[in-house]
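Enquirer: What follows is a protein structure lacking sequence information:
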Ligand SMILES: NC(=O)C1=CN([C@@H]2O[C@H](COP(=O)(O)OP(=O)(O)OC[C@H]3O[C@@H](n4cnc5c(N)ncnc54)[C@H](OP(=O)(O)O)[C@@H]3O)[C@@H](O)[C@H]2O)[C@@H](O)CC1
Ligand SMILES: Nc1ncnc2c1ncn2[C@@H]1O[C@H](COP(=O)(O)OP(=O)(O)O)[C@@H](O)[C@H]1O
Ligand SMILES: [K+]
């Protein structure tokens, strides 16, 4: 049986205070060796026979499959000779028993099969024929409306595909069928870069066991992943909690624990006073969006510092906010028209949306970085100014949240050679400078000062539209003002920003989604 662990061990990654209950586990992303060890630990400690664990995986896949695909769609299951192939054979048996029209193929690329493969081979053979692919001419013609289940190679991939495996993968990729990969697309490394010209299945879906894989988070691998789903096969919770990792995947369950309910007797002073530096002539929309998003994130009070040209705009479009016009008509210079800005009054400060990169604005930013006593939220042109003046990086208050999109991050660092290289750069940049860096995109990656990276699970391509980043800046500033610590604010804010985008997409589709819709769809309960 699993022995219980110390809570300290489970939560060691979150520096001091953890918002989670004692026996709560975050969803981790483990590497291939850890995944193998997780299987092994489960086998030994549950205990469960390997063949029964394989049956559990095949059943979980089959449940997922039958909930989505009708019996009248012919299925071709392609199996390799390892345990991924063993899964495929067990899936073929289960689907056959459910009266799906199944054809099974074994791609014979080597003389040796795994033990559990052989067991499932014997069982399937009793109820259905199996074909063997040794030469190209053995590869069947795959037709429209058919479904291919890819169980050729799984996480045991140790080298680039070649020979008959390559031919089978090519044939599947060139077919009009819907392709579903078991655990991971055949030929794709789960946590390392594939070399150039690798032959890899390009599935429509990947159904993976227990935990997502690092490759699923990376834009360059998305064609080898498709829409992915995790199915639970009850692997050891103790082992998952105990295994150290620097990669986490944010789930709704985690978010429920991060969100703080409001006290019945709270008042607006309980939720902080935020200050946003945003906007310039022609880019006042960014300031409006960030301000509205900040208010919709529950901030107690909001002040907005804008160039003089933005005064009427903010006062009319965001009447809830106080507005402090800059002495300059078109840009921010930090010379306030009303009074000297006293930064100590504010619980949180966000800077960047629409501010431009004028020298006077650089001067304002430089002063803000040295005067600020608390973590800031830094976005957009503020990041571009810092990238042009890299000596400013060292001046950023520790634990500030930076929210670059990939281009801005490249300006801050360098061009990367692969998405894995980019992840390393991100981790190092956050760790070295003691910052929280949100690299935006699908599965936005949040890197923290302690070397961990949290991948977001919400959001959709409809959000690739002007202004959605400004909305995120407003949200994060609002959360910091309410007292969330910067890592919590980033994980929570990025998740809810994406979830609001998903709500909009569900209601009116992705294409018509605008940044304003996201603000209107934010919910915090
Ligand atoms: N363990 C468990 O309890 C559970 C595991 N599960 C399932 O097991 C899968 C992992 O199984 P696995 O470890 O047997 O690896 P798999 O990917 O099937 O192939 C390994 C074979 O392929 C070979 N090979 C490698 N690269 C190659 C290449 N390019 N071209 C050709 N051959 C290549 C490799 O050769 P070798 O490296 O040893 O020379 C070895 O012989 C996992 O993804 C999941 O589906 C689930 O049932 C849940 C429970
Ligand atoms: N394909 C996608 N899936 C999920 N989220 C996305 C996707 N594309 C963009 N987003 C989100 O939309 C926002 C875009 O921000 P950004 O690039 O700064 O836009 P802008 O500068 O136009 O405001 C980010 O939060 C990003 O994570
Ligand atoms: K596979």
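Expert: That came through, no problem. This structure is a prediction, so every number in the text was calculated from the model and none was measured. Ligands and ions are numbered 1, 2, ... in the order given.
Enquirer: Quickly list the domain ranges of this protein.
Expert: Residue ranges for the domains of the chain, per automatic domain parsing: 27-245, 273-521.
Enquirer: export the ones you listed to TSV and tack on mean neighbour count?
Expert: The C-beta positions use only the backbone N, C-alpha and C, and glycine is treated the same way. Shown next, in TSV, are the domains of the chain (neighbours: other Cβ atoms under 10 Å):
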stretch	mean neighbour count
domain 27-245	19
domain 273-521	21
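Enquirer: Indicate which one of these is closest to residue 19.
Expert: Ranking the domains of the chain by proximity to residue 19 (Cβ to Cβ) places domain 273-521 first, at 6.4 Å.
Enquirer: Present the domains of the chain as a markdown table; the columns should include distance to ligand 3 and mean pLDDT.
Expert: Shown next, in a markdown table, are these (distance: least, Cβ to the ion, whole Å; pLDDT from 0 to 100):
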| stretch | distance to ligand 3 | mean pLDDT |
| --- | --- | --- |
| domain 27-245 | 4 | 97 |
| domain 273-521 | 21 | 97 |
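Enquirer: Burial check on residue 253, number of neighbours?
Expert: Using other Cβ atoms under 10 Å, residue 253 has 12 neighbouring residues.
Enquirer: ok, now how distant is it from residue 329?
Expert: Using Cβ to Cβ, to the nearest Å, one gets 50 Å for the distance from residue 253 to residue 329.
Enquirer: follow-up on the earlier one: now the domains of the chain in TSV, with distance to ligand 1?
Expert: Supplementary listing: the domains of the chain in TSV, determined by distance: least, Cβ to the nearest ligand atom, whole Å:
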stretch	distance to ligand 1
domain 27-245	2
domain 273-521	19
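Enquirer: Dump the ones you listed to TSV, plus distance to residue 266.
Expert: Conversion of the domains of the chain to TSV gives the following (distance: least, Cβ to Cβ, whole Å):
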stretch	distance to residue 266
domain 27-245	31
domain 273-521	9
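Enquirer: for the helix or strand where residue 304 lies, packing partners?
Expert: Remark: residue 304 resides in strand 301-306, with elements defined by DSSP states H and E. Using 3 or more Cβ pairs under 8 Å, 6 or more residues apart in numbering; DSSP states H and E as the contact test, the elements touching strand 301-306 are strand 273-277, helix 284-295, helix 311-317, strand 322-325.
Enquirer: Would you reformat the ones you listed as TSV and include distance to residue 337?
Expert: Shown next, in TSV, are the helices and strands packed on strand 301-306 (distance: least, Cβ to Cβ, whole Å):
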stretch	distance to residue 337
strand 273-277	14
helix 284-295	16
helix 311-317	8
strand 322-325	5
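Enquirer: Next up, the contacts around residue 484.
Expert: Counting by Cβ atoms under 8 Å, 6 or more residues apart in numbering, residue 484 touches 258, 260, 492.
Enquirer: go with 10 Å
Expert: Contact criterion Cβ atoms under 10 Å, 6 or more residues apart in numbering gives 19, 258-260, 272, 348, 476, 478, 490-493 as the residues in contact with residue 484.
Enquirer: Residue 30: which of the helices and strands packed on strand 301-306 is closest?
Expert: Nearest of these to residue 30, taken as Cβ to Cβ: helix 284-295 at 34.7 Å.
Enquirer: which stretches of the stretch 301-450 of the chain form strands?
Expert: Assigned by DSSP state E, counting those that start in this stretch, the stretch 301-450 of the chain shows strands spanning 301-306, 322-325, 348-351, 376-378, 401-402, 436-439, 445-447.
Enquirer: Nearest to ligand 2 among the ones you listed would be which one?
Expert: Ligand 2 lies closest to strand 436-439 among the strands of the stretch 301-450 of the chain, at 7.8 Å (Cβ to the nearest ligand atom).
Enquirer: The closest one near ligand 2 anywhere?
Expert: No: Strand 436-439 is not in contact with ligand 2 by Cβ under 6 Å from any ligand atom; minimum separation 7.8 Å.
Enquirer: name the helices or strands packed onto that strand?
Expert: Helices and strands touching strand 436-439, by 3 or more Cβ pairs under 10 Å, 6 or more residues apart in numbering; DSSP states H and E, are strand 376-378, strand 401-402, helix 406-412, helix 419-433, strand 445-447, strand 453-455, helix 468-481, helix 486-508.
Enquirer: Tell me which of the ones you listed lies nearest to ligand 2.
Expert: Taking the helices and strands packed on strand 436-439 one by one with Cβ to the nearest ligand atom, helix 468-481 is closest: 2.1 Å.
Enquirer: interface residues of the stretch 351-500 of the chain facing ligand 2?
Expert: Counting by Cβ under 6 Å from any ligand atom, the stretch 351-500 of the chain comes close to ligand 2 at 405, 440-442, 444, 459-461, 463-464, 466-470, 472, 497-498.
Enquirer: residues contacting residue 418?
Expert: Applying Cβ under 10 Å, 6+ apart, the residues near residue 418 are 192-194, 218, 220-221, 424.
Enquirer: mind checking how far it is from ligand 2?
Expert: Applying Cβ to the nearest ligand atom, to the nearest Å, the value for residue 418 to ligand 2 is 19 Å.
Enquirer: and if you look at residue 343?
Expert: Residue 343 is 25 Å from ligand 2, where distance means Cβ to the nearest ligand atom.
Enquirer: Skipping its backbone neighbours, what lies nearest that residue in space?
Expert: Distances taken as Cβ to Cβ, 6 or more residues apart in numbering put residue 371 closest to residue 343, at 5.5 Å, once the chain neighbours are dropped.
Enquirer: Would you map the helices across the stretch 151-300 of the chain?
Expert: 163-174, 237-242, 252-258, 284-295 (DSSP state H, counting those that start in this stretch).
Enquirer: okay if I get these as a markdown table plus distance to residue 380?
Expert: Shown next, in a markdown table, are the helices of the stretch 151-300 of the chain (distance: least, Cβ to Cβ, whole Å):
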| stretch | distance to residue 380 |
| --- | --- |
| helix 163-174 | 39 |
| helix 237-242 | 38 |
| helix 252-258 | 25 |
| helix 284-295 | 7 |
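Enquirer: out of those helices, which comes closest to ligand 2?
Expert: For the helices of the stretch 151-300 of the chain, proximity to ligand 2 was assessed by Cβ to the nearest ligand atom; helix 284-295 is nearest, at 7.5 Å.
Enquirer: Which secondary structure elements does the closest one sit against?
Expert: Going by 3+ Cβ pairs under 10 Å, 6+ apart, helix 284-295 lies up against strand 273-277, strand 301-306, helix 311-317, strand 348-351, helix 380-388, helix 468-481, helix 486-508, helix 515-521.
Enquirer: Of those, which is nearest residue 45?
Expert: Closest among the helices and strands packed on helix 284-295, using Cβ to Cβ: helix 486-508, at 30.9 Å.
Enquirer: Filter the contacts of residue 418 down to the ones in strands?
Expert: Using DSSP state E, no member of the contacts of residue 418 sits in strands.
Enquirer: just curious, which of the residues you listed is nearest to ligand 2?
Expert: Comparing the contacts of residue 418 against ligand 2 with Cβ to the nearest ligand atom places residue 218 closest, at 12.8 Å.
Enquirer: Let me see the contact set for that closest one.
Expert: Neighbour list for residue 218: 193, 224-225, 418-420, 422-423, 441-443, 445, 455 [criterion: Cβ under 10 Å, 6+ apart].
Enquirer: Check residue 191 too.
Expert: Contacts for residue 191 (Cβ under 10 Å, 6+ apart) come out as 29-35, 155, 213-215, 247, 420.
Enquirer: Phi and psi next, for it.
Expert: The phi and psi values for residue 191, taken as degrees, to the nearest 10, are phi -150, psi 30.
Enquirer: now it: how far from residue 505?
Expert: Taken as Cβ to Cβ, the span from residue 191 to residue 505 is 30 Å.
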